[in-house]
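Asker: Using only what follows, build the 3D model:
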Amino acid sequence: MPDITVANTDWSILADVRDALASAAIGGQAVFASVALTTSPQQARECHFRTSPAAVVRYLGTHQQPTPDEHLACRVEMEVLLAVKVPAGVDESARLQEILRLANAARNAVGAARPAAACDWGDGRHAMPAVAFAPPSLDTAESAPWAIAALPLSVTYTLDGPTAN
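Answerer: Numbers count the residues shown, from 1 in each chain. Predicted structure coming up:
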């Protein structure tokens, strides 16, 4: 049986994102009261959104693509779920303002403390940025008084070969 090693880079990236969110502060105050990791959307909504504001990093998967130079270009896909309780009645503007502020804070936190393994990758035909956020989906009405954002995030890294995971 061959002796192998496991770098577990995708886990390191998830932990780095969680840590970036947990350490985010504005004016010396923590941005998020709680930060957690999960794979389940139900667990995220039912268990973790008890403190406000909250962030949950939900792991979606890791994709690998062989490169011409026998490396692997990898991408960890996740969703950063944000929730904040804003009891503002039927007017959604206060909830929208606060959830957008938290989405921007999450982007800034991950950008400022980029995962250690993150790197841009490209081969002339394809390019993958080290850290890429997609537009969030927002809920400021259905879950009132909670405002919720689902912020898609992908982090790219490379491996030296098919046994470097």
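
Asker: So, low pLDDT: which residues of the chain?
Answerer: Along the chain, the parts satisfying pLDDT under 70 run over 43-49, 163-165.

Asker: Let me know the outermost residue of it.
Answerer: M1 (36.8 Å; CA atoms, centre = their mean).

Asker: Quickly note the distance from it to D160.
Answerer: Between M1 and D160 the computed distance is 22 Å (CB to CB, to the nearest Å). All C-beta spots, glycine's among them, are computed from the backbone N, C-alpha and C.

Asker: what's the answer for P152, then?
Answerer: For P152 relative to D160 (CB to CB), the value is 28 Å.

Asker: Tell me which of the two has more neighbours.
Answerer: The neighbour comparison of P152 against D160 (other CB atoms under 10 Å) goes to P152, with 15 against 11.

Asker: how about the residue nearest the centre of the chain, secondary structure?
Answerer: Nearest residue to the geometric centre of the chain (CA atoms, centre = their mean): V80, 4.1 Å. Secondary structure assignment for V80 (DSSP: H, G, I helix; E, B strand; the rest coil): strand.

Asker: Please verify my assumption that it contacts A106.
Answerer: Yes. In this structure, V80 is within contact of A106 by CB atoms under 8 Å, at 5.4 Å.

Asker: the longest helix in this protein is where?
Answerer: helix 93-112 (DSSP state H).

Asker: That one: what's the following helix or strand?
Answerer: Next helix or strand after helix 93-112 toward the C-terminus (DSSP states H and E): strand 121-122.

Asker: I'm done for today, thanks for sticking with me.
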